[in-house]
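Undergrad: here you go, sequence then predicted model.
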Amino acid sequence: MESQSLEALAILERGVTALSSILNVFYFALYRSRLKRRKIGAVVLVVVNLAFLIQSLYFGFLPYFARLNVAILAGDAGLGLLAGLLPMIASLLITLLIVRQLLSRRIGK
């Protein structure tokens, strides 16, 4: 595949990710349940989808800002760290839920 085709696919991929993440964020932000576990799960899924959204937008637009020499996004390592921060937090939240579940099973036995 030529470079322009791959670039177009990458833009499409990030756009689809961003759009689906927006839908998911709204769905899980508005999700209601009486069960505490489900409420916690919905909050975690909001964070996960926000992470997907921010990361897809950041990495989707980064090449274009670099071409335009916009140093605010292209050259700032801090923004790269920020774009990776939310996915890390989301991953850690999921890990905490898993560990909590595993510990409750051991204690319950």
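TA: Here it is on my side, so go on.
Undergrad: and the host helix or strand of residue 104, what does it pack onto?
TA: For residue 104, the host element (DSSP states H and E) is helix 77-108. Applying 3 or more Cβ pairs under 8 Å, 6 or more residues apart in numbering; DSSP states H and E, we find helix 77-108 packed against helix 36-67. Where C-beta positions appear, they are placed from N, C-alpha and C, glycine not excepted.
Undergrad: would you mark the buried spots in the helix holding residue 104?
TA: 83, 86, 87, 90, 93 (16 or more other Cβ atoms under 10 Å).
Undergrad: and of these, the nearest to residue 101?
TA: Closest approach to residue 101 among the buried residues of helix 77-108 (Cβ to Cβ): residue 93, at 12.8 Å.
Undergrad: burial of residue 57, as a residue count?
TA: By other Cβ atoms under 10 Å, the residues close to residue 57 number 16.
Undergrad: give the contact list for it.
TA: Under the criterion of Cβ atoms under 8 Å, 6 or more residues apart in numbering, the contact list for residue 57 reads 14, 18.
Undergrad: from residue 34, how far off is it?
TA: With the distance defined as Cβ to Cβ, to the nearest Å, residue 57 ends up 35 Å from residue 34.
Undergrad: helix or strand with the lowest mean pLDDT in this structure?
TA: helix 71-74 (a mean of 50; mean pLDDT, DSSP states H and E).
Undergrad: show the contacting residues for residue 14.
TA: Contacts of residue 14 (Cβ under 8 Å, 6+ apart): 56, 57, 59, 60.
Undergrad: most widely separated two among these?
TA: For the contacts of residue 14, and using Cβ to Cβ, no pair is farther apart than 57 and 59, which are 7.7 Å apart.
Undergrad: how many neighbours does residue 63 have?
TA: Residue 63: 13 neighbours (other Cβ under 10 Å).
Undergrad: cool, and residue 41?
TA: Neighbours of residue 41 (other Cβ under 10 Å): 17.
Undergrad: my read: it touches residue 97, true?
TA: Yes - counting by Cβ atoms under 8 Å, residue 41 touches residue 97, with 7.2 Å between them.
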